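**Student:** Fold the following, please.
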Amino acid sequence: MFHHVSVGVSDLERSAKFYDAVLGTLGHERFREKPRTISWWPKGGGPAFWINLRDDLTVVHDDGRHVAFEAESQEQVRAFYEAALAAGATDDGPSGLRPEYRDTYYGAFVLDPDGHKLEAVHAPRD
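**Tutor:** Next comes the predicted model:
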């Protein structure tokens, strides 16, 4: 459905280090770098994720937006969450089952260094 998703960041180098660590746990690797922008792509293909440097960035907390990255396992969700916290994220919901979404929904939520809400989710469909 999506070709790519992008978010603004206030410090490109800090965010690049953060996303290298966090997206690496899900098998994503840096794909393209240009002035003021960097992208990651899942190994094997899929939608890309971009960060773009913005001088006057404003992130509205809890406005309903977030980016959910698909994980291949519950272990990847946990690794994402732990790597994110170690890289400077703020906890916004630890790894665990979320039966209120679906019986097989296993996710974790964090806020990146700029306050963007991120999720890793493993939710096999029956």
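**Student:** Figure out how far the helix or strand harbouring residue 6 is from the centre of its chain.
**Tutor:** Mapping residue 6 onto the secondary structure by DSSP states H and E places it in strand 4-9. Mean-position distance between strand 4-9 and its chain equals 10 Å (Cα atoms, centre = their mean, to the nearest Å).
**Student:** now do stretch 32-39
**Tutor:** Put simply, stretch 32-39 sits 17 Å off its chain's centre (Cα atoms, centre = their mean).
**Student:** List the contacts of the strand holding residue 6.
**Tutor:** Residues from elsewhere that reach strand 4-9, judged by Cβ atoms under 8 Å, 6 or more residues apart in numbering: 15, 37, 39, 47-54, 57, 59, 67, 112-114, 116. Where you see a C-beta, it was placed from the backbone N, CA and C, and this is true even at glycine.
**Student:** what do you get if the cut-off is 6 Å, keeping everything else the same?
**Tutor:** 15, 47-52, 54, 57, 67, 114, 116 (Cβ atoms under 6 Å, 6 or more residues apart in numbering).
**Student:** Only C-alpha atoms, please: export it in PDB.
**Tutor:** Taking C-alpha atoms only, strand 4-9 is exported to PDB below (Å, rounded to 0.1, in the frame of the first residue of the first chain):
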ATOM      1  CA  HIS A   4       7.500   5.200   1.700                       C
ATOM      2  CA  VAL A   5       7.000   7.100   4.900                       C
ATOM      3  CA  SER A   6       9.100  10.100   6.000                       C
ATOM      4  CA  VAL A   7       9.400  12.200   9.200                       C
ATOM      5  CA  GLY A   8      11.200  15.400  10.000                       C
ATOM      6  CA  VAL A   9      14.100  15.400  12.500                       C
END
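**Student:** Thanks a lot, see you next time.
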